[in-house]
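Engineer: got a predicted model here, sequence first, then my questions.
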Amino acid sequence: MADKPRVSVIGLGKLGACIAACFAHKGFSVVGADVSAKTVDMVNQHQPPVFEPQLGELMAGSGDRLRATQDVAQAIVDTDATLIVVPTPSTEEGGFSIDYVIEAARSIGRGLKAKDGYHLVVLTSTVLPGSTEYGMIPVLERESGKRCGQDFGVCYSPEFIALGQVIKDFLNPEFLLIGEQDERAGEMLASIYLAVCDNQPKIARMNLVNSELTKISVNAYVTMRISFANMVASLSEQLPGGDVDTVTGALGLDTRIGSRYLKGAVAFGGPCFPRDNQALAYLARQLGQTGALAEAVHAYNASSNQKLADRVLEAIPKGGSVSVLGLSYKPDSNVIEEAPGFLLAKKLVESGATVTVHDPMAMDAVRRVLGDRVKYAATVDEAMAAADVIVITNPDRNRP
Ligand SMILES: NC(=O)c1ccc[n+]([C@@H]2O[C@H](COP(=O)([O-])OP(=O)(O)OC[C@H]3O[C@@H](n4cnc5c(N)ncnc54)[C@H](O)[C@@H]3O)[C@@H](O)[C@H]2O)c1
């Protein structure tokens with residue numbers, strides 16, 4: 001093995017493309033693999049296949065350390081460690097489908113069969129507890145004819161990143177979560193991460209199932225805090241002299257509570273928080289327990305979105321109009337999945353309101369859903385000029 005292990009990243013989407021670029025930026029030789037020919041072509045031309053701040057710069061500066069292929073098995077043969085970052089869509093019941101993981105594992109297994117020497121396989125995609133051990137590992141063993149823990153190692157290691165700051169978060173993680181099937185695999189992944197991080201994060205190493213449970217628990221816990229702060233905000237609004245920031249500011253001084261993610265505001269959204277919270281409730285139900293805590297957070301969050309729409313509708317004068325500033329779930333992102341601004345615009349339009357929207361990055365995504373049912377303002381000023389009521393749903397401070 002060379003100085004640094006060669007790394008392959010399977011799935012070059014919103015998360016995987018950034019991870020591949022970060023490794024190349026830190027001097028690793030990286031092979032990205034994706035089923036999409038367009039994505040592979042873009043990466044080979046050092047063009048970012050998804051929007052994410054800094055991704056273009058990192059890819060442009062990655063030289064011959066980053067290349068991409070559609071041949072997943074060959075990417076395994078050509079590298080020493082592999083991160084799997086394919087989609088795990090939510091199921092109707094609230095769990096996660098691992099169909100894409102299994103498909104990727106089949107190709108990876110074929111690669112393992114064709115290569116000599118030890119290989120580390122890391123599942124990064126969000127999954128339910130048990131998926132790595134009972135879903136992925138048997139497929140890898142069957143396709144490769146090799147033994148996990150002997151010929152190859154397996155870890156589960158998810159990322160806690162927010163879109164719009166994926167690269168910053170990946171290089172400066174709050175902590176590293178490593179689920180390991182055996183010590184050798186965990187040791188190898190820890191040393192790879194420490195060579196790529198800008199900071200010196202604490203590392204939580206554990207077995208596979210605990211790491212899978214930790215991933216969804218972290219996000220479900222954060223959503224509970226957000227909903228709690230929103231509930232306090234709601235109460236304070238009805239109390240004369242009430243002010244949520246004063247209350248949460250004081251709550252945060254208690255070290256048992258802490259101040260982060262404790263700010264009354266709009267509902268949480270995006271591609272991770274809502275579905276990880278739902279998955280925890282699903283897991284509880286599957287285990288014959290109550291999912292009530294996570295279900296209550298989910299219901300409260302939906303009610304926050306509805307309440308905002310009701311309040312705005314009340315505030316619009318007869319025949320008047322409203323502008324929604326901010327459509328993505330976060331600044332610097334074009335993702336509108338479960339985003340409060342997008343959901344608000346949709347609810348308002350469905351209630352017959354005249355709606356103008358503005359967002360520096362997410363208007364194309366909204367246009368694909370709402371079409372010409374809303375007006376799209378090119379600037380904040382244009383959006384403000386058009387409206388009787390203005391709603392700011394996203395703390396984007398960097399844009400005109
Ligand atoms: N986006 C986030 O904010 C975020 C944060 C934390 C965790 N995650 C998790 O990471 C995983 C990936 O999320 P994403 O947002 O990057 O998804 P994405 O849809 O943006 O990208 C997934 C990529 O995988 C490719 N792919 C699908 N099947 C494949 C296969 N068999 N072989 C090779 N490539 C394949 C797709 O073509 C696509 O380019 C999910 O499990 C998600 O829950 C995402």
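Structural biologist: Okay, I see it.

Engineer: whatever residue of the chain ends up closest to the ligand: what's it in contact with?
Structural biologist: Closest residue of the chain to the ligand, Cβ to the nearest ligand atom: residue 13 (1.7 Å). Glycine gets a C-beta too; all of them are placed from N, C-alpha and C. Taking Cβ atoms under 8 Å, 6 or more residues apart in numbering, we find residue 13 in contact with 34, 39, 49-50, 85-87.

Engineer: rerun at 10 Å
Structural biologist: Contact analysis of residue 13 by Cβ atoms under 10 Å, 6 or more residues apart in numbering lists 34, 36, 39, 49-50, 85-87.

Engineer: any low-confidence regions in this protein?
Structural biologist: For the chain, the stretches with pLDDT under 70 are 1-2, 397-400.

Engineer: center of it - which residue?
Structural biologist: residue 272 (4.8 Å; Cα atoms, centre = their mean).

Engineer: residues contacting it?
Structural biologist: 15, 126, 158-163, 215-216, 218-219, 222-223, 329, 337-338.

Engineer: correct me, but residue 106 touches residue 138?
Structural biologist: No: using Cβ atoms under 10 Å as the test, residue 106 is too far from residue 138 to be in contact (11.2 Å).

Engineer: mind putting the contacts of residue 13 in JSON lines, secondary structure included?
Structural biologist: Formatted as JSON lines, the contacts of residue 13 follow (DSSP: H, G, I helix; E, B strand; the rest coil):
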{"residue": "34", "secondary structure": "coil"}
{"residue": "36", "secondary structure": "coil"}
{"residue": "39", "secondary structure": "helix"}
{"residue": "49", "secondary structure": "coil"}
{"residue": "50", "secondary structure": "coil"}
{"residue": "85", "secondary structure": "coil"}
{"residue": "86", "secondary structure": "coil"}
{"residue": "87", "secondary structure": "coil"}
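
Engineer: what subset of those is buried?
Structural biologist: The neighbour count (16 or more other Cβ atoms under 10 Å) marks 34, 39, 49-50, 85-87 as buried among the contacts of residue 13.

Engineer: strands along this protein, start to end?
Structural biologist: In the chain, the segments counted as strands under DSSP state E are 7-10, 30-33, 66-69, 81-84, 119-123, 152-156, 175-180, 202-206, 321-325, 354-358, 375-376, 389-392.

Engineer: and the ones you listed as CSV, adding distance to residue 131 and mean neighbour count?
Structural biologist: Shown next, in CSV, are the strands of the chain (distance: least, Cβ to Cβ, whole Å; neighbours: other Cβ atoms under 10 Å):
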stretch, distance to residue 131, mean neighbour count
strand 7-10, 16, 30
strand 30-33, 21, 28
strand 66-69, 26, 21
strand 81-84, 11, 26
strand 119-123, 8, 27
strand 152-156, 8, 26
strand 175-180, 11, 22
strand 202-206, 16, 14
strand 321-325, 38, 24
strand 354-358, 38, 23
strand 375-376, 41, 16
strand 389-392, 39, 18
